[in-house]
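# My questions concern the predicted model and sequence given below.
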Amino acid sequence: MPVWDPVTYLEFADERSRPFLDLLSRVKAAHPRLVVDLGCGPGQLTASLADRWPDAQILGLDSSPEMIKQSAEFARRRVSFQVQDLRDWRPETPVDVIISNATLQWVPGHRGLLPALVKVLSPEGWLAFQVPGNFGEPSHQLLRQLAADARYAPMLTEVTWPSSADAASYLADLADLGCSVDAWETTYLHVLTGPNPVFRWISGTGARPVLQALPDDLRAQFIAEYQELLNAAYPAREHGTVLPFRRIFVVASR
């Protein structure tokens with residue numbers, strides 16, 4: 001598993017927070033007692049849930065010790081964090097709201113986890129998640145093409161590649177489990193600035209497992225080539241570099 005870097009991830013904190021807020025706006029839970037954020041990352045968004053639901057206990061879970069260490073600064077009364085692989089999570093009591101923001105795409109076969117997540121909800125509980133849907137875009141296609149190059153491929157055989165389904169598939173999965181489902185897609189047009197902006201974005205998320213798996217000398221070479229490809233695919237304009245980013249949202253209630 002990759003070692004995640006909260007500092008790199010938080011460079012684009014404003015852009016990364018928008019899908020979380022858009023997802024949360026469709027969760028209509030009135031007075032939840034327990035809210036769990038699966039894949040809480042560095043914790044700042046998880047902590048904001050305490051403001052949304054002032055009577056709830058908020059628990060953030062993440063499999064990355066580095067992210068949980070960073071989240072400690074946001075821990076306070078009613079807000080706690082712990083290292084936990086969501087695949088092994090078994091709550092002791094029913095959960096009123098489960099939130100997962102840009103995490104499930106890293107779990108192979110994550111659609112198979114949906115029945116278990118619905119099962120741990122309280123009778124009127126909510127499950128809300130958001131996953132990227134941009135794996136067919138140049139940022140990811142160029143990464144896969146370069147990773148398949150004979151110079152790099154032998155070091156990348158164990159890399160985990162993220163993936164997601166479309167909104168209609170998630171809707172069908174959860175409707176079949178007896179949930180009322182709201183599913184939609186949004187493509188954000190992020191305007192990035194500075195040198196190699198798309199690389200800086202993806203190096204904190206989708207490209208990180210690849211970069212981490214390469215030895216130092218090959219990593220520098222890979223980065224130089226990947227940056228050149230990205231800069232050609234996403235040319236800089238006077239107003240900045242536009243990164244289209246499609247995201248898939250699902251909100252289900254029992």
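Looks like it arrived, so ask away. Numbering: from 1, shown residues only.

# Can you tell me how far residue 179 is from residue 171?
Relative to residue 171, residue 179 is positioned 9 Å away (criterion: C-beta to C-beta, to the nearest Å). (C-beta placed from N, C-alpha, C; glycine too.)

# Sort out which residues of stretch 50-57 are buried, please.
Residues 50, 52, 53, 56, 57 are the ones in stretch 50-57 that count as buried (16 or more other C-beta atoms under 10 Å).

# At which residues are the helices of the stretch 1-150 of the chain located?
All helices of the stretch 1-150 of the chain, identified by DSSP state H, counting those that start in this stretch, fall at 6-9, 13-24, 44-52, 65-71, 114-119, 138-147.

# quick revisit: if you count surrounding residues, which of residue 179 and residue 171 has more?
Per other C-beta atoms under 10 Å, whichever of residue 179 and residue 171 has more neighbours is residue 179, with 21 against 18.

# That one - nearest residue in space that isn't next to it in sequence?
residue 252 (4.0 Å; C-beta to C-beta, 6 or more residues apart in numbering).

# which SSE is the one you found in?
Residue 252 is part of strand 241-253 when elements are defined by DSSP states H and E.

# and that strand, how far from the chain's centre?
Averaging C-alpha positions (C-alpha atoms, centre = their mean, to the nearest Å) puts strand 241-253 10 Å from its chain's average.

# Just the C-alphas of stretch 118-127, formatted as CSV.
In CSV, the C-alpha atoms belonging to stretch 118-127 read as follows (Å, rounded to 0.1, in the frame of the first residue of the first chain):
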residue,chain,number,x,y,z
VAL,A,118,-26.0,-0.7,4.4
LYS,A,119,-26.3,-3.5,6.9
VAL,A,120,-24.6,-1.4,9.7
LEU,A,121,-26.8,1.6,9.2
SER,A,122,-29.5,2.5,11.7
PRO,A,123,-33.1,2.0,10.5
GLU,A,124,-33.2,5.5,9.0
GLY,A,125,-29.5,5.7,8.3
TRP,A,126,-27.7,7.3,5.3
LEU,A,127,-24.8,6.2,3.2
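
# Just the buried residues of that stretch, please?
Buried residues in stretch 118-127 (16+ other C-beta under 10 Å): 118, 120, 121, 122, 125, 126, 127.

# same deal with stretch 168-186?
So, applying 16+ other C-beta under 10 Å, buried residues of stretch 168-186: 170, 171, 173, 174, 177, 179, 181, 182, 183.

# Can you give me the distance of residue 167 to residue 248?
For residue 167 relative to residue 248 (C-beta to C-beta), the value is 5 Å.

# which neighbours do these two share?
By the contact definition C-beta atoms under 8 Å, 6 or more residues apart in numbering, residue 167 and residue 248 are jointly contacted by 183, 184, 185.

# now the residues you listed in TSV, with secondary structure, distance to residue 205 and pLDDT?
Formatted as TSV, the shared contacts of residue 167 and residue 248 follow (DSSP: H, G, I helix; E, B strand; the rest coil; distance: C-beta to C-beta, whole Å; pLDDT from 0 to 100):
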residue	secondary structure	distance to residue 205	pLDDT
183	strand	22	98
184	strand	22	98
185	strand	19	97
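
# Show me which of the residues you listed is closest to residue 227.
residue 185 (28.7 Å; C-beta to C-beta).

# give me the beta-bridge partners of the closest one?
Under DSSP bridges, the beta-bridge partners of residue 185 are residue 248.

# Distance check, it against residue 217.
From residue 185 to residue 217 the distance is 40 Å (C-beta to C-beta).

# Residue 154 too?
Per C-beta to C-beta, residue 154 is found 14 Å from residue 217.

# Likewise for residue 88?
Counting by C-beta to C-beta, the separation of residue 88 from residue 217 is 36 Å.

# what does residue 34 give?
48 Å.

# who's more crowded, the two?
Between residue 34 and residue 217, counting by other C-beta under 10 Å, residue 34 is the more crowded of the two (18 against 8).

# related to what we said a few turns ago, next, the angle helix 138-147 makes with the strand holding residue 252.
Counting by axes from the mean of the first three to the mean of the last three C-alpha atoms, to 10 degrees, strand 241-253 lies at 100 degrees to helix 138-147.

# I'm done for today, thanks for sticking with me.
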